[in-house]
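**Q** Please work out how this folds:
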Amino acid sequence: MARHKLSHEGTLVLDSEGFSKLLGDDETVVALVAEARSRGMEVVICALTIIEAVHGRTNKARLNWVLSGLRAVPVGDEEAKAASSLLLQAGLHGHEYAIDAAVAEAAMRQQRPVVMLTSDIDDMTKLCGDRVRLVAV
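**A** Presented below is the predicted three-dimensional model:
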């Protein structure tokens, strides 16, 4: 089904929508994550994605279980500066795109090849260029 979208090894990154769909047990995203793991890919999220995706109706037990199978990439001073540079290069403003920039920056630091599940192909293309393969979810 999604065999043409994923690589052997490397990293699968979930943005907020990808993570939200995984939390919601979306069939397509669950299948893509399972396939990535079977191909030896590590599945990661930017730590800020947790903040963006969680809301009052989030099932806390499901959240904890899903997070236990992912690596959350931290965002410190250096990563924030690099994400700010990405925003400037893309001509985007931090107020609206700060977390997207942090996700893009985190993705570009992962073991290649890197594939990102995202609902925001346009903005992620501006931020990641051709360094990350984007898959719409």
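
**Q** Strands of this protein, start to end?
**A** Ranges of strands in the chain, per DSSP state E, are 11-14, 42-46, 71-73, 114-118, 133-136.

**Q** among the ones you listed, which is the most enclosed?
**A** Scoring the strands of the chain by mean neighbour count under mean count of other C-beta atoms under 10 Å gives strand 11-14 as the most buried, with a mean of 28. Any C-beta I mention is one placed from the backbone N, CA and C, and that applies to glycine too.

**Q** Report the strands that pair with that one, each with its relative direction.
**A** Partners of strand 11-14 in the sheet, by DSSP bridges, are strand 42-46 (parallel), strand 114-118 (parallel).

**Q** Redo these as JSON lines? Include distance to Met108.
**A** Putting the strands paired with strand 11-14 into JSON lines (distance: least, C-beta to C-beta, whole Å) gives the following:
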{"stretch": "strand 42-46", "distance to Met108": "11"}
{"stretch": "strand 114-118", "distance to Met108": "7"}
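
**Q** how about TSV for those strands, with mean pLDDT added?
**A** TSV is the format used below for these (pLDDT from 0 to 100):
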stretch	mean pLDDT
strand 42-46	98
strand 114-118	97
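
**Q** nearest to Glu105, of those?
**A** Proximity to Glu105 (C-beta to C-beta) singles out strand 42-46 among these, at 8.0 Å.

**Q** Name the residues that touch the closest one?
**A** Counting by C-beta atoms under 8 Å, 6 or more residues apart in numbering, strand 42-46 makes contact with 10-15, 19, 33, 36-37, 69-73, 75, 99, 102-103, 106-107, 110-111, all of which sit outside it.
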